[in-house]
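Undergrad: When you get a sec, could you give me coordinates for this:
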Amino acid sequence: MVKTKNISFAVGKKNILKNVNSTFENGKVSAILGPNGAGKSTLVKCISGTITPNKGVIELDGKNIKNIGLENLALKRSYLNQQFNLSVGYTVKEIVSMGRFPHYKVYPSKKDDEIITSAMKLLDIISLSDRITNTLSGGELQRVHFARTLAQIWPNSKEEQEGKILILDEPVNNLDPQFQHSILELAKRFAENHNVCVIIVLHDLNLVAQYSNYSIVMRQGEVITQGKTREVLTEKLLEEVYKVPISIIKNDHHFNIVTGVKYNRLENELIR
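TA: Okay, here's the model as predicted:
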């Protein structure tokens, strides 16, 4: 479980995060959503350890991440950000292998090689193994880095499953709908099967509705609400946050969010 306690982050006089309190549970997908500039990416950078908040505490299973140490944190936490700076000149397999670096004693073990192969199979990129990554499409490269991210926290055994964090910042950018759904489905299954705490920043509200168990809604650096996705995402809240008409159509099996229009349930038509 990850908890942020009163964390704030500022650049100069600009407050990007303001006393953020949030909870992310193991075995579940937690989505962070909100308009541009809400502080979503800054929050996950703080959680990942990429940047340090000006004040407040971030805990992993009750321990301050400052006291865990970077080497140990690298064994527990993987982070897929929006920029891929490790791509030029490497093959696909080399990029995915980088995810296992924190686990190497000196050289990769047989188990490391098995995990690298498993991650590549899961993302359907085995056929690309020897391709230089700067020859790939944006979507293919996204899948390569997602495989690297999974390989980093892939458990060697059942005993290693506890306390793992998978952080994904806009993981489905540049992807066709088929791969958007397959990657988010993989993330959800990884959370459930390995008891991993999955934290995702998403803009697509329907993907949030379909794949997240828990949602944290942000605006101007603050958390304005959080809780079970189906309970906290309401038309009133989303219209207030995104400043557009929004309709939510849901039943026991579906939860669809329509933006930019209102749905007239009596006349069964969309009103612009």
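Undergrad: Now do the contacts for Leu75.
TA: Contacts for Leu75 (CB atoms under 8 Å, 6 or more residues apart in numbering) come out as Pro102, His103, Ile153. Where you see a C-beta, it was placed from the backbone N, CA and C, and this is true even at glycine.
Undergrad: And these, which is closest to Val44?
TA: Val44 lies nearest to Ile153 out of those, by CB to CB, at 15.1 Å.
Undergrad: right, and the closest one touches Ile165 too?
TA: Yes: between Ile153 and Ile165 there is a contact under CB atoms under 8 Å: 7.3 Å.
Undergrad: between those two, what contacts are shared?
TA: Taking CB under 8 Å, 6+ apart as the criterion, Ile153 and Ile165 both touch Lys76, Arg77, Ser78, Val196.
Undergrad: which one's the longest helix in this structure?
TA: Counting by DSSP state H, the longest helix found in the chain is helix 177-194.
Undergrad: Now tell me what touches it from outside.
TA: The set of residues external to helix 177-194 that reach it, using CB under 8 Å, 6+ apart, is 26-29, 122-123, 139, 142-143, 146, 150, 155, 161, 164, 166, 168, 171-172, 175, 196-198, 200, 204, 207, 210-211.
Undergrad: Whichever of the residues you listed end up buried, select them in ChimeraX.
TA: Typed into ChimeraX, the line below selects the buried ones among the contacts of helix 177-194, using 16 or more other CB atoms under 10 Å:
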select :26,28,29,122,123,139,142,143,146,150,161,164,166,168,171,172,175,196,197,198,200,204,207,210,211
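Undergrad: In strands, which of the contacts of helix 177-194 appear?
TA: Using DSSP state E, the subset of the contacts of helix 177-194 located in strands is Val29, Leu166, Leu168, Cys197, Val198, Ile200.
Undergrad: And the pLDDT for the fourth one?
TA: I take that to be Cys197. Cys197 is assigned a pLDDT of 96 by the prediction.
Undergrad: for the second one, same thing?
TA: Reading off the per-residue confidence, Leu166 sits at a pLDDT of 96.
Undergrad: Name only those of the shared contacts of Ile153 and Ile165 that count as buried.
TA: Neighbour-count burial (16+ other CB under 10 Å) applied to the shared contacts of Ile153 and Ile165 gives Lys76, Arg77, Ser78, Val196.
Undergrad: Now the third one. Its backbone dihedrals?
TA: Backbone torsions of Ser78, given as degrees, to the nearest 10, read phi -120, psi 150.
Undergrad: What residues are bridge-paired with it?
TA: Under DSSP bridges, the beta-bridge partners of Ser78 are Leu166.
Undergrad: Run through the stretch 151-272 of the chain and note the low-pLDDT ranges.
TA: Residues of the stretch 151-272 of the chain meeting the criterion pLDDT under 70: 157-162, 263-272.
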